[in-house]
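In: sequence and computational prediction follow.
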Amino acid sequence: MQLTAKASLNHALLISICTPQFKGDEATESLAELARLVTTLGFKVVGTQSQKLSSTNKVNVLGLGKLAEIAHLTGNKGEVEEEENDDLSQDSSKEIKDETLLTNMPSDIPSENLPFACADVVVFDCDLSPSQLRNVENQLGVEVFDRTGIIIEIFSRHARTKTAKLQVEIARLNYVAPRLRETSSGDRDRQMGKGAGETNLELNRRAVRDQLADLKRELVSVQHEMKGRRTQRSELFCVALVGYTNAGKSSMMRAITGSDVEGENKLFATLDTTVRALYPTVQPRILVSDTVGFIKKLPHDLVASFHSTLAEAHDASLLLYVVDASDPSFRSQLDVVHEVLEEVGVEDSKKLLVLNKSDQLSTEEQQALMAEFPDAMMTSTRNPADISKLHQYIVNTAQEEMIEDEFIIPYTAKGIIGEIRSSMSVTKEEYEYSHIKLTVRSNAIDLERLKKRMLNIEADK
Ligand SMILES: Nc1nc2c(ncn2[C@@H]2O[C@H](COP(=O)(O)OP(=O)(O)OP(=O)(O)O)[C@@H](O)[C@H]2O)c(=O)[nH]1
Ligand SMILES: [Mg+2]
């Protein structure tokens, strides 16, 4: 399954199903987030509908009344049929009561009095089984997506590097495979129901399996290369920026490394790890990596496929948890970040909570947050003073990890002094008659290496 690149703008109707496990603010925030995901794909959200049900297991996902109502909004192109078996689960999934959810929705998204036939795409804020997806598509006569399908599509479109493309394609094929199997028997029905997007239906299961195997082999070799590169850098102090999508990680990366890493008001703007040196530079160099952002209900395959990207976070000496402190749901977003990092085995070495976008908060709000998170740092990527403060924090933390040593260097080995200055922090220089005494701070490995070189120089004399 892949979204079709239609010339005209897709008009999306979003559907939220509230269950006893998923309701209230959580459902509202999730729907608002789905609206942003869908907008990131270039769709226009024309409205939202919600229904209270005891589960999302119904054959047609929604109750028949609601389905007819939605069919009205999609131009009645499909055919709403009687449900034979109301529920896929053992316990009956009774329709409880319709409700309109939308207190926190962006104000430009209409939720009531939608015009007739205004939607040509319907997006559910939950995961649908392949058969549910097909049933609903047949009944509504328009393309239907679930949350995972939308997230995977965004990842596919935003993947730039070879690793990201491989990882996303593996996740996409894993998502597509069961849908191909389910739809192949009913191709004709499906094609009657919708006009485009069937290219993947022609792929048979074996082709998908072979393709997956090829991609996985290729990924292993790319990961091997990446590991090699990481090992080369392993002596340097590494900082990783981690956090929810749109928290401001790439903007922070750009600010503290003086680089041109893109920061965009799009969800999942960054899908691969970028590594840059902290700027203004210090000796030894400190590396900073920007990582993929997270989201609630991140498809499991995507989490698994991003293991290698997150390996940077795995090896980091300091993790900066960047949150958008101006987003009322940042606490639950932070929980998601912790969960995903735990799932991929990232254990915190040192960490700092960065309460970003402080420019969007009043002084009172900032004070309340600092009282709640006394160890955090409040920042705005737009405030140079905050960037300097974070830069200094990183340098100080890196310094704590370093040790100091003294080296006696004869003037005859002058070249080595330049090398030391360009790769280590020289804290004291004492000039004697025949040599220079340098007090140097650096990591243990580099100091050990320098000691060996000095012994060789001594031996050659
Ligand atoms: N007001 C304000 N906006 C910010 C700040 N930092 C970043 N932004 C904006 O927030 C949006 C997202 O920023 P990014 O840096 O792309 O966020 P990200 O965490 O890298 O997002 P993903 O790559 O999707 O994970 C952009 O529009 C930025 O301009 C800040 O301190 N204040
Ligand atoms: Mg980013």
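Out: Cool, got the structure. Ligands and ions are numbered 1, 2, ... in the order given.

In: pull out the buried positions in whatever helix or strand Ile416 lives in.
Out: Using DSSP states H and E, Ile416 sits in helix 414-423. Residues of helix 414-423 classed as buried under the neighbour-count rule (16 or more other C-beta atoms under 10 Å) are 416-417, 420. Quick note: C-beta positions are derived from backbone N, CA and C, even for glycine.

In: stretch 121-131 too?
Out: Residues of stretch 121-131 classed as buried by neighbour count (16+ other C-beta under 10 Å): 121-126, 128-131.

In: in the stretch 1-150 of the chain, which residue sits nearest ligand 1?
Out: Thr40 (8.9 Å; C-beta to the nearest ligand atom).

In: sketch out the strands for the protein, chain order is fine.
Out: For the chain, applying DSSP state E gives strands covering 11-18, 44-53, 95-98, 121-124, 143-145, 237-243, 274-277, 286-290, 318-324, 350-356, 377-378, 403-410, 425-431, 435-442.

In: now do stretch 375-390: everything it contacts.
Out: 248, 251-252, 254-256, 263, 320, 325, 352-359, 366, 369-370, 393 (C-beta atoms under 8 Å, 6 or more residues apart in numbering).

In: okay if I get the buried residues of stretch 121-131 as JSON lines plus pLDDT and distance to Ala213?
Out: Converted to JSON lines, the buried residues of stretch 121-131 look like this (pLDDT from 0 to 100; distance: C-beta to C-beta, whole Å):
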{"residue": "Val121", "pLDDT": "93", "distance to Ala213": "33"}
{"residue": "Val122", "pLDDT": "95", "distance to Ala213": "34"}
{"residue": "Val123", "pLDDT": "96", "distance to Ala213": "32"}
{"residue": "Phe124", "pLDDT": "95", "distance to Ala213": "31"}
{"residue": "Asp125", "pLDDT": "94", "distance to Ala213": "33"}
{"residue": "Cys126", "pLDDT": "93", "distance to Ala213": "31"}
{"residue": "Leu128", "pLDDT": "93", "distance to Ala213": "27"}
{"residue": "Ser129", "pLDDT": "91", "distance to Ala213": "25"}
{"residue": "Pro130", "pLDDT": "89", "distance to Ala213": "22"}
{"residue": "Ser131", "pLDDT": "88", "distance to Ala213": "27"}
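
In: Glu69: which of those residues is nearest?
Out: Val122 (11.9 Å; C-beta to C-beta).

In: wait, doesn't the closest one sit right on Glu143?
Out: Yes: counting by C-beta atoms under 8 Å, Val122 does reach Glu143; the two are 7.4 Å apart.

In: if I look at whichever residue of the stretch 51-200 of the chain sits closest to ligand 2, how far off is Gln139?
Out: Ligand 2 sits closest to His158 of the stretch 51-200 of the chain, with a gap of 9.6 Å, by C-beta to the ion. Distance of His158 to Gln139, given as C-beta to C-beta, to the nearest Å: 32 Å.

In: now do Leu278, the pLDDT please.
Out: You'll see Leu278 listed with a pLDDT of 92.

In: got a pLDDT number for the residue nearest to it when sequence neighbours are not counted?
Out: Excluding the flanking residues, the one nearest Leu278 by C-beta to C-beta, 6 or more residues apart in numbering is Ile286, at 4.1 Å. Ile286 is assigned a predicted lDDT (pLDDT) of 91.

In: what pairs with Ile286 across the strands?
Out: Phe237 (DSSP bridges).

In: can you check Glu404 too?
Out: Going by DSSP bridges, Glu404 forms beta bridges with Arg441.

In: quick one: pLDDT of it?
Out: So, for Glu404, pLDDT stands at 92.

In: again with Ala27
Out: 91.

In: neighbours of the residue nearest to it when sequence neighbours are not counted, how many?
Out: Leaving out its chain neighbours, the residue that sits closest to Ala27 by C-beta to C-beta, 6+ apart is Cys18, at 5.0 Å. Look at Cys18: counted by other C-beta atoms under 10 Å, it has 23 neighbours.

In: surely Cys18 and Ser50 touch.
Out: Yes: using C-beta under 8 Å, Cys18 makes contact with Ser50 at a distance of 6.0 Å.

In: and which of the buried residues of helix 414-423 is nearest to Glu33?
Out: Ile420 (50.9 Å).

In: output the contacting helices and strands for the helix ranked longest in the chain.
Out: With secondary structure taken from DSSP state H, the chain has its longest helix at helix 205-233. Here helix 205-233 touches helix 162-184, helix 311-315, going by 3 or more C-beta pairs under 8 Å, 6 or more residues apart in numbering; DSSP states H and E.
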